[in-house]
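> here's a sequence, model it:
(one chain, ligands or ions: 3)
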Amino acid sequence: MGPLLGQEIVRRIETLGAISETPAHLTRIFLTPEHRAAADLLLSWMQDAGMRAHLDAIGNVCGRYEGDRPGLPCLMLGSHYDTVRDAGKWDGPLGLITAISCVGDLHRRGQRLPFGVEITGFADEEGVRFASTLLGSRAVAGTFDESVLGAKDRSGIPMREALLRFGLDPERIGAAARARGELLAYVELHIEQGPVLEAQDLPVGVVTVISGATRLTVSLTGMAGHAGTVPMALRRDALAGAAECIVAIEEFCRTDQGGLVGTVGYINAMPGATNVIPGQVSFTIDIRAASDAHRNLAVADIVRRIENIAGRRRLLLQADVTHENRTVPCAPWLKRQVADAIAGEGYRVFELPSGAGHDGMAMIDIADVAMLFVRCRGGISHHPDEYVDVADADVGARVLLRLIENFRPRQPAD
Ligand code: GLV
Ligand code: MN
Ligand code: MN
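Ligands and ions are numbered 1, 2, ... in the order given. Sure, this is the predicted structure:
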């Protein structure tokens, strides 16, 4: 028979992965034309799988497969369909496409369950365009912060305007929110994005917690000037100051004993000319740790350090937290069902934490959450070499299908 679901999944991963801002590098950013084309394709796949499908008020792709009676509460599956820049094809789409293949399989067999199955393709999980992240899942969880509608992308386009261009009404975002009673649970399959399952020689694993994260935007203002005339001692070079901050952040995280990770992934220097001293620089910071207390202390310490650097260099500092998520535990009763499905497919049950962020961090506000990780080659992610073997994609699908078919809503004893 071969890995039939796996083959369908890999084919669709390739098709969706070709929908990009540029052909050479996969980039599919929230509310762009390619994001819209991807949404339309996902809607058509959901319909082929026997689901009713629509785009919600923030651009999430929503599909519903009715249970044995219409209108029953649902098991919600999902993941995101936006990407980082120069992304891999699997981060987000694997979970979404696998869920659609599983429902397609139920549909082909005419199988109805005593609950609905819904799939949500979240529109923004990566947060590349507007600094704030999890915009799709926050809208579904009813925790979308309307103040971010005014946030501007790097070209100065406000989110409100981008929604209108996509064909959505920014005034209606509240309509995307779902009530807790409509969901029995939220389960997400995702590539691991790390090397642990590969080292364990296992195709799948059960997630224990999703680590919290803080993102900041830092702006340093000095004084622009002539590169040939201003003596070094008299300069207020914002880019040299940012460089010192970046190295200090790396050093702080590198010497931490508790697994803290910190990244400066974006920097912009103004006015940006070879012969002009940079007067204004902005950069981002992403800080993560498995414990919230550890992360919060680290963020406070890092901000103090960059304040000192800015003060010594006579630079004006502005540091704003643009995103913050606490560490989210997966629900024990639901984790047990994921573990049973893995064991039922004949694999050893192995638990691991997620260092990456996921939509479950927002969905926790309206549902218990669990995650199933699928092995990825070399632990490479947020990189075009991201890769999942077809056999592993198939195992992921079979485990997810078994989980869906055997799913039992939370019992009083759970
Ligand atoms: C999302 O991929 C994140 O963890 O930043
Ligand atoms: Mn990602
Ligand atoms: Mn992801």
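> count the neighbours of the residue nearest to V117 when sequence neighbours are not counted for me.
Leaving out its chain neighbours, the residue that sits closest to V117 by Cβ to Cβ, 6 or more residues apart in numbering is Y65, at 4.5 Å. From N, CA and C alone the C-beta is placed, and that goes for glycine too. Neighbour count for Y65, taken as other Cβ atoms under 10 Å: 27.
> isn't Y65 up against D105?
No: contact between Y65 and D105 fails when scored by Cβ atoms under 8 Å: they sit 10.9 Å apart.
> can you tell me the residue of the stretch 1-150 of the chain closest to ligand 1?
Ligand 1 sits closest to E126 of the stretch 1-150 of the chain, with a gap of 5.5 Å, by Cβ to the nearest ligand atom.
> state the distance from that residue to ligand 3.
To ligand 3, E126 is 7 Å away according to Cβ to the ion, to the nearest Å.
> quick one: that residue and R85 touch, right?
No: in this structure, E126 is not within contact of R85 by Cβ under 8 Å, at 9.1 Å.
> compare these two (neighbour count), which wins?
Neighbour count, other Cβ under 10 Å: between E126 and R85, E126 has more, with 22 against 16.
> do you know the pLDDT at that one?
Reading off the per-residue confidence, E126 sits at a pLDDT of 96.
> how about it, what does it touch?
Contact analysis of E126 by Cβ atoms under 8 Å, 6 or more residues apart in numbering lists F30, H80, D82, T83, V84, G92, T133.
> can you redo these as JSON lines with pLDDT, secondary structure and distance to ligand 3?
Output for these, formatted as JSON lines (pLDDT from 0 to 100; DSSP: H, G, I helix; E, B strand; the rest coil; distance: Cβ to the ion, whole Å):
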{"residue": "F30", "pLDDT": "98", "secondary structure": "coil", "distance to ligand 3": "13"}
{"residue": "H80", "pLDDT": "98", "secondary structure": "strand", "distance to ligand 3": "6"}
{"residue": "D82", "pLDDT": "98", "secondary structure": "coil", "distance to ligand 3": "9"}
{"residue": "T83", "pLDDT": "98", "secondary structure": "coil", "distance to ligand 3": "9"}
{"residue": "V84", "pLDDT": "97", "secondary structure": "coil", "distance to ligand 3": "9"}
{"residue": "G92", "pLDDT": "98", "secondary structure": "coil", "distance to ligand 3": "5"}
{"residue": "T133", "pLDDT": "88", "secondary structure": "coil", "distance to ligand 3": "10"}
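> what does the stretch 1-150 of the chain have sitting close to ligand 3?
D91, G92 (Cβ under 5 Å from the ion).
> quick one: the helices in the stretch 1-150 of the chain?
Along the stretch 1-150 of the chain, counting by DSSP state H, counting those that start in this stretch, helices occupy 4-17, 33-48, 93-108, 135-141.
> out of those helices, which is the most enclosed?
helix 135-141 (a mean of 27; mean count of other Cβ atoms under 10 Å).
> and Q318, how many residues sit next to it?
11.
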